[in-house]
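**Student:** Here's a sequence, model it:
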Amino acid sequence: MEHLTLESFKAKVFDFEKNQDWKFEGKLPCIIDFYADWCGPCKMVAPILEELSKEYEGKINIYKVDTEVEQELSQVFGIRSIPSMLFCPAEGQPRMAQGALPKSSLIQAIDDVLLNPKAN
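**Tutor:** Numbers count the residues shown, from 1 in each chain. I've put the predicted structure just below:
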């Protein structure tokens, strides 16, 4: 799983300095995990995201953003509690989920929001 910096985020997800409205820059839909090293629930979710990144390889990307290091990114998205996950479909608006979600909920969100958004 790739850790995003401000620059790589703008290249791979959303260039908020150029675009007022959401415009996804990536090729594959993605999940962005906003986390911090001191956050217990974040540590619980990390291995689940590792598993999902392997299970959905080639279908979605999973990125991590360290909120301690990338404070500007956290402010842009109004991250107040972690873990927070941003689900970014290839087309349409992203959705934010907060808290340490179990694997079953993450799979459902991947299927509903990222892989089959038109089915809803």
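
**Student:** Now do the buried residues in the top helix by length along the chain.
**Tutor:** Determined from DSSP state H, the single longest helix within the chain is helix 40-55. Buried residues in helix 40-55, counted by 16 or more other Cβ atoms under 10 Å: Cys42, Val45, Ala46, Ile48, Leu49, Leu52, Ser53. All C-beta atoms are positioned from the backbone trio N, CA, C, and that covers glycine.

**Student:** tell me the mean pLDDT over it?
**Tutor:** Averaging pLDDT along helix 40-55 yields 97.

**Student:** Could you list every helix and strand that that helix packs against?
**Tutor:** On a contact count with 3 or more Cβ pairs under 8 Å, 6 or more residues apart in numbering; DSSP states H and E, helix 40-55 meets strand 30-35, strand 61-66, helix 103-109.

**Student:** okay if I get the ones you listed as a markdown table plus distance to Pro94 and mean pLDDT?
**Tutor:** Below are the helices and strands packed on helix 40-55 laid out as a markdown table (distance: least, Cβ to Cβ, whole Å; pLDDT from 0 to 100):
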| stretch | distance to Pro94 | mean pLDDT |
| --- | --- | --- |
| strand 30-35 | 9 | 98 |
| strand 61-66 | 12 | 97 |
| helix 103-109 | 11 | 96 |
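
**Student:** ok, residues contacting the helix or strand containing Glu7?
**Tutor:** Element membership of Glu7 [criterion: DSSP states H and E] is helix 6-12. Helix 6-12 is touched from outside by 2, 4, 16-18, 25-26, 30, 32, 61, 63, 65, 70, 72-73, with contacts defined as Cβ atoms under 8 Å, 6 or more residues apart in numbering.

**Student:** Buried among those residues? Need that as a selection in PyMOL.
**Tutor:** The PyMOL command for the buried members of the contacts of helix 6-12 (criterion: 16+ other Cβ under 10 Å) is given here:
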select buried, resi 4+16+26+30+32+61+63+65+70+73
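
**Student:** and which of the contacts of helix 6-12 is nearest Met96?
**Tutor:** Set against Met96, the nearest of the contacts of helix 6-12 by Cβ to Cβ is Ile32 (9.5 Å).

**Student:** quick one: contacts for that closest one?
**Tutor:** Leu4, Phe9, Val13, Tyr63, Lys64, Val65, Met85, Leu86, Cys88.
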